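[1] Predicted model, plus sequence, below.
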Amino acid sequence: MNQLDREVQDWPPEVIQSIKAPTLLIIGDSDVVRPEHTVELFRLLGGGVAGDLVGLPRAQLAVLPDTTHVTLVDRADWLVSMITQFLLRTF
């Protein structure tokens, strides 16, 4: 894990865009991962569109308030609810 943390995982946009599986991105609003980075991934995965006009994308984004990378585990109730709904969704 330490080695992984030291290495930048910089995948080109084409690689992210090639992911066809439904994807749920979850971060805390005070996470070590920058929100703008996660939003960029979300958009590359087809998110950030006007769902009422073009349909809901296969990507979903959840930003948990008052949450860090470490305290994400304290949000189990929220996570279970979101993940369950994501897994039950038909694409």
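    Everything's here; your move.

[2] Might you list the low-confidence residue ranges for this structure?
    Applying pLDDT under 70 to the chain flags residues 1, 4-5, 8.

[3] Which stretches in the chain count as helices?
    2-6, 13-17, 35-44, 51-54, 76-88 (DSSP state H).

[4] deepest of the ones you listed, which one?
    Among these, helix 35-44 has the highest mean neighbour count (mean count of other C-beta atoms under 10 Å), at a mean of 15. No exception for glycine: its C-beta is placed from N, CA and C like everyone else's.

[5] by contact count, what packs against that one?
    Packed against helix 35-44 by the contact rule (3 or more C-beta pairs under 8 Å, 6 or more residues apart in numbering; DSSP states H and E) you find helix 13-17, strand 23-28, strand 59-64.

[6] The ones you listed: which one's closest to residue 72?
    strand 23-28 (5.6 Å; C-beta to C-beta).

[7] who's in contact with that closest one?
    33, 35, 38, 41-42, 45, 58-64, 66-69, 71-72, 75, 79, 82-83, 86 (C-beta atoms under 8 Å, 6 or more residues apart in numbering).
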